[in-house]
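K.L.:
Here is a sequence together with a model predicted from it:
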Amino acid sequence: MKKLRITILYDRSPDQSDEKEHELAMAGTGEDAHHHLVEHLSKAGHDVALHGVHDDVKALIAAIESRQPEIVFNLCESFRGDSAMEFHIPALLEMLGARYTGSGPGAIMLALDKGLAKKVLAYHGLWSADFTVYPRGQFDIRPSKLRFPLIVKPLTEDASIGIAESSVVRNDDALAARISYVHEKIGCAALVEEYIEGRELFVGVIGNDRPTILPPMELDFSKAPDDKLKVYSFKAKFDSSYRDKWGIQSVFPEDLKKETLDRIGEITRTAYTALGLRDYGRVDLMLAPDGAVYVLEVNPNPNIAENEDLPNAAAQTGLGYAEFAEKIIKIALDRYRNG
């Protein structure tokens with residue numbers, strides 16, 4: 001790949017500076033995706049700059065217009081710390097005429113609303129658990145079709161925010177309490193769906209017209225007792241001591257039959273294209289004991305830090321991290337050239 005002028009957008013907290021983040025990246029001590037992209041793309045010879053996004057629209061516009069990057073690597077998942085505003089970043093980039101990696105505003109907005117996304121997926125013949133949505137401040141009687149146990153999730157949050165073992169409820173009192181928690185503490189509508197036990201799989205995708213389905217990864221609770229709920233909670237995702245206690249890790253399953261892998265690939269590809277994702281993404285599935293495959297969530301902007309699931313899955317196909325990042329850039333640039 002020819003050497004490019006690249007700007008990487010990332011979610012910046014008020015106490016971060018682009019200069020310090022760049023130093024961490026080049027020292028190899030950063031832990032986030034923007035650190036790893038800066039480090040590896042710079043070493044590959046690209047001209048890479050960081051721009052952190054928090055609440056300053058004018059600064060973002062100035063950064064794009066003054067530098068005129070040949071491609072923007074968009075990692076932003078929020079604006080002003082609000083994930084509901086994630087889609088505004090690619091929308092602004094489009095208004096500026098900037099070329100960028102990843103899904104457009106429509107796909108991000110659609111995937112963010114898990115209830116609406118499930119309706120679109122159902123139209124395309126994909127299974128998900130029976131569900132209903134409770135807007136903030138509303139709690140009607142549970143629909144009779146919803147059978148306990150149920151799991152209560154924030155409708156418009158990702159990264160397992162608001163999800164704990166207590167999210168799984170077994171009676172109406174517990175259901176009402178958890179919906180109230182999501183409304184009041186998380187500050188958004190609540191998605192209530194039937195809790196499906198099984199094997200939770202994360203399937204990465206790279207590409208557009210003929211997207212490549214990467215090897216699935218499985219969430220493994222190897223040390224957990226049989227009676228422990230296997231919930232990918234916020235603690236399970238981010239608390240290292242909790243993960244160590246229960247042996248929680250992502251592994252590549254070796255026992256899935258070819259017909260199961262083919263079905264997983266077909267469902268993943270359909271979900272990816274149905275919601276309009278592009279360049280790369282991840283589809284989270286549940287493989288039930290009877291072999292049924294349910295779509296849990298479609299993520300158009302997954303974490304692509306070096307140690308995360310999607311880059312790890314890409315490595316199984318022979319892509320080192322720098323090659324993985326450059327492949328995403330090439331796919332995005334080809335999309336604009338062929339557009």
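P.N.:
Yes, it's here. Residues are numbered from 1 along each chain as shown.

K.L.:
next helix or strand past the helix or strand encompassing Lys58?
P.N.:
Here Lys58, judged by DSSP states H and E, is contained in helix 57-67. Under the assignment DSSP H and E, the closest C-terminal helix or strand after helix 57-67 is strand 71-74.

K.L.:
Touching that following strand from outside, list them.
P.N.:
With contact meaning CB atoms under 8 Å, 6 or more residues apart in numbering, strand 71-74 is reached by 4, 6-9, 37, 64, 89-90, 93, 98-102, 301, 325, 328-329, 332-333. (Glycine included, C-beta is placed from N, CA and C.)

K.L.:
Now the phi/psi pair for Tyr134, please.
P.N.:
phi -110, psi 110 (degrees, to the nearest 10).

K.L.:
Run a quick neighbour tally on it.
P.N.:
For Tyr134, the neighbour count with other CB atoms under 10 Å is 22.

K.L.:
Where do the domain boundaries of this structure fall?
P.N.:
Here the domain assignment for the chain is 5-100, 130-194, 197-216+252-338, based on automatic domain parsing.

K.L.:
Off-centre distance for the longest one?
P.N.:
Think domain 197-216+252-338. Distance, stretch centre to chain centre, for domain 197-216+252-338: 11 Å (CA atoms, centre = their mean, to the nearest Å).

K.L.:
cool, stretch 215-233 as well?
P.N.:
Distance of stretch 215-233 from the chain centroid (CA atoms, centre = their mean) equals 19 Å.

K.L.:
can you map out the strands along the stretch 151-300 of the chain?
P.N.:
Here the stretch 151-300 of the chain has its strands, by DSSP state E, counting those that start in this stretch, at 168-169, 190-194, 199-206, 212-213, 217-221, 248-251, 280-287, 293-299.

K.L.:
With distance to Gln68 as added columns, please give those in CSV.
P.N.:
Listed next are the strands of the stretch 151-300 of the chain as CSV, based on distance: least, CB to CB, whole Å:
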stretch, distance to Gln68
strand 168-169, 50
strand 190-194, 41
strand 199-206, 27
strand 212-213, 31
strand 217-221, 38
strand 248-251, 38
strand 280-287, 24
strand 293-299, 30
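
K.L.:
Which among those strands is found nearest to Trp127?
P.N.:
With CB to CB as the criterion, Trp127 lies closest to strand 293-299 of the strands of the stretch 151-300 of the chain, at 5.0 Å.

K.L.:
Quick check: mean pLDDT of the following helix or strand past that closest one?
P.N.:
Where DSSP H and E defines the elements, the next helix or strand beyond strand 293-299 is helix 309-315. Across helix 309-315, pLDDT averages out at 97.

K.L.:
Only alpha carbons, please: show helix 309-315 as PDB.
P.N.:
Output in PDB follows, covering the C-alpha atoms of helix 309-315 (Å, rounded to 0.1, in the frame of the first residue of the first chain):
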ATOM      1  CA  ASP A 309     -11.600 -10.300  19.300                       C
ATOM      2  CA  LEU A 310     -11.800  -9.000  15.700                       C
ATOM      3  CA  PRO A 311      -8.000  -8.400  15.200                       C
ATOM      4  CA  ASN A 312      -7.400 -11.800  16.900                       C
ATOM      5  CA  ALA A 313      -9.800 -13.500  14.500                       C
ATOM      6  CA  ALA A 314      -8.100 -11.700  11.600                       C
ATOM      7  CA  ALA A 315      -4.800 -13.000  12.800                       C
END
